[in-house]
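S.K.: Next one to model:
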Amino acid sequence: MNHTPRIRTVLTCTLLVVSFGAAAAACSDSDSNPLAAKPFDAADQVSFNTPDDSTKVDPDKPLEVVATGDDGRITDVTVTDDSGHHLAGELDAEGARWRSTAPLSAGVKYTVKVSTEDEDGSPGVRTLTFETSPAKRLLTVNLGPKAGTYGVGQPITAELSLPVKDKAARAVVERALKVESSPSVEGAWYWVDDKKLHYRPKEYWPTGATLRATSNLQGVKVSDKLYGGPSKELKITIGDRIEAITDAGAHQMTVKRNGEVINTIPVTTGKPGFSTRNGIKVVLGKEYFVRMRGTSIGIAAGSSESYDLPVYYATRVTWSGEYVHAAPWSVGSQGYANVSHGCTGMSTGNAAWFFETVREGDIVKVINSLGAEMDPFGNGFGDWNVSWDRWRGGSALVADTRDGSSSVDEARLRPEV
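M.R.: Take a look at the predicted model:
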């Protein structure tokens, strides 16, 4: 809070101008106006709670400026770091003490400028520079995915180096994480667990959008003895809107580009007991060749359901091993029956076309399957299966409206054919 210096002399001059116009020149003379005088060094008027030597300041303690003696008061205090950011603070009504109300950053140089006035209203100034000690515990952020072009369903991810559980600390982290989209869209962060956040817009990303994600957490106090560390910014672009809708009941996949159907493919999905998951999935990656074994999903070797197959043109949609891939052994069932162990199978030619058409971040949606719903987190990017209202409730900056816990465990990388 700033206080305006006493202006008794200025008011007197104003009255003289009104009453005695001829005397105005005398009143405007700088020698008789304390406010027009060059500020004096206020070293004897103020003191700081910082060390007198070159010792660095503890960022966990507030900064204080105190008026010393009875012949003056503090009128204003400004504190800025090397980046030009201001440190908030409050000055008491008497101008006797100023105290920071926001935490100092760690490992940062600050400049303090204190304005004062003496009992006659003459201005003084005192400037101080100091550095805060570096943090002993640093919280760093790894933003993902890696730079490149992705589909409209790709979320931005933030992996933290240390767990953050307290909601106030989470709010500090979230405020420092910025995602800029051109064109601009509405979006929000969701705390998947104590070390992971996802960011997505309300609707799919616009085709051709450019995204920039940054962390401004460096030096910022997150919680007691924990400060933010450096991180690298992320830039990605969004390609065409590719959506593959698999109707497990009709045994058919419809592929769209920017809303227009570009292919219809006969498929087979998971048979009873191994039904393919319903819901929206996001392409996680593409593998030209994968060795798929039933033992990886708990099927006993030598049993009636056992398999060990070389698989080509495999497009992954879950971490647990659900793919869209070539299945030449089931061509006779494709378009007619579901005979796989959870994957979406198609002919080698169709699988090669699909493999070349899609990219990471594209949408693969399954409907009319007897399987469970896609897990929103922990088995790939099921983020789009969360309603927008619930998604916003996963932010530390709004009221928590989620049902149950959002914490998940990573699933094993196992293929399902």
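
S.K.: Helices of this protein, residue ranges please.
M.R.: 8-19, 24-27, 167-176, 348-357, 388-393 (DSSP state H).

S.K.: Which one of those has the poorest average confidence?
M.R.: Note on the helices of the chain: lowest mean pLDDT is at helix 8-19, with a mean of 36.

S.K.: Where does the prediction get shaky in the stretch 101-250 of the chain?
M.R.: Within the stretch 101-250 of the chain, the set of residues satisfying pLDDT under 70 is empty.

S.K.: quick one, strands of it?
M.R.: Assigned by DSSP state E, counting those that start in this stretch, the strands in the stretch 101-250 of the chain fall at 109-118, 123-131, 137-139, 141-144, 148-150, 156-160, 177-182, 187-193, 196-201, 210-215, 221-223, 226-228, 234-238, 242-247.

S.K.: buried residues in the longest one?
M.R.: Residues of strand 109-118 classed as buried under the neighbour-count rule (16 or more other CB atoms under 10 Å) are 110, 112, 114-118. All C-beta atoms are positioned from the backbone trio N, CA, C, and that covers glycine.

S.K.: do the second one as well
M.R.: For strand 123-131, a neighbour-count test (16+ other CB under 10 Å) marks 123-126, 128, 130-131 as buried.

S.K.: Just want the angle from it to strand 109-118.
M.R.: Interaxial angle of strand 123-131 relative to strand 109-118 (axes from the mean of the first three to the mean of the last three CA atoms, to 10 degrees): 160 degrees.

S.K.: which strands and helices sit next to strand 123-131?
M.R.: strand 40-41, strand 109-118 (3 or more CB pairs under 8 Å, 6 or more residues apart in numbering; DSSP states H and E).

S.K.: got these as TSV, with distance to Ile265 columns?
M.R.: Formatted as TSV, these follow (distance: least, CB to CB, whole Å):
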stretch	distance to Ile265
strand 40-41	81
strand 109-118	62
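
S.K.: do you know how far Lys221 is from Ala106?
M.R.: 7 Å (CB to CB, to the nearest Å).

S.K.: Between the two, which is the more surrounded one?
M.R.: A count of neighbours by other CB atoms under 10 Å puts Ala106 above the other of Lys221 and Ala106, at 26 against 20.

S.K.: what residues are up against that one?
M.R.: By CB atoms under 8 Å, 6 or more residues apart in numbering, the contact list for Ala106 reads 59, 132-135, 219, 221, 227.

S.K.: for the residues you listed, which one is nearest Trp205?
M.R.: Gly219 (31.2 Å; CB to CB).

S.K.: surely that closest one meets Ser105?
M.R.: Yes - counting by CB atoms under 8 Å, Gly219 does reach Ser105; the two are 3.4 Å apart.

S.K.: any shared contact partners between those two?
M.R.: Tyr227.

S.K.: gap between the residue nearest the centre of the chain and Ser296?
M.R.: With distances taken as CA atoms, centre = their mean, the residue of the chain nearest its centroid is Leu177 (3.3 Å). From Leu177 over to Ser296 the distance is 36 Å, taken as CB to CB.

S.K.: before we move on, back to that, can you pull the residues that touch both of Lys221 and Ala106?
M.R.: Taking CB under 8 Å, 6+ apart as the contact rule, the neighbours common to Lys221 and Ala106 are 59, 227.

S.K.: tell me, how many neighbours does Ser333 end up with?
M.R.: 18.

S.K.: meant to ask about Glu287, not that
M.R.: Glu287: 15 surrounding residues under other CB under 10 Å.

S.K.: That one: what's it in contact with?
M.R.: 314-316.

S.K.: Would you list the buried entries among those?
M.R.: Looks like these have 314-316 buried, using 16+ other CB under 10 Å.

S.K.: Closest to Gly259 out of those?
M.R.: Thr315 (21.2 Å).

S.K.: How about that closest one: which residues does it bridge to?
M.R.: Lys286, Val324 (DSSP bridges).

S.K.: try Ser223
M.R.: Leu226.

S.K.: Could I get the contacting residues of it?
M.R.: Contacts of Ser223 (CB under 8 Å, 6+ apart): 164, 166, 168-169, 172.

S.K.: among those, who's most crowded?
M.R.: Going by other CB under 10 Å, Val164 tops the contacts of Ser223 with 23 neighbours.

S.K.: Any figure for the gap between it and Gly187?
M.R.: 20 Å.

S.K.: Counting neighbours, what do you get for the nearest residue to Asp194 once chain neighbours are set aside?
M.R.: Of all residues not flanking Asp194 in the chain, Pro163 sits nearest, at 3.7 Å (CB to CB, 6 or more residues apart in numbering). Neighbourhood size, Pro163 [other CB under 10 Å]: 10.

S.K.: again, but for Asp53
M.R.: 5.

S.K.: Read off the pLDDT value for it.
M.R.: For Asp53, the predicted pLDDT is 78.

S.K.: Enumerate every residue touching it.
M.R.: Asp53 neighbours (CB under 8 Å, 6+ apart): none.

S.K.: With Ser100 instead?
M.R.: Applying CB under 8 Å, 6+ apart, the residues contacting Ser100 are 62-64, 79, 87-89.

S.K.: what do you get for Pro39?
M.R.: 115, 123-125.

S.K.: check contacts around the nearest residue to Thr207 once chain neighbours are set aside.
M.R.: Once flanking residues are discounted, Thr207 sits nearest to Arg241: 5.1 Å by CB to CB, 6+ apart. By CB under 8 Å, 6+ apart, the contact list for Arg241 reads 151-152, 204, 207, 256-259, 363.
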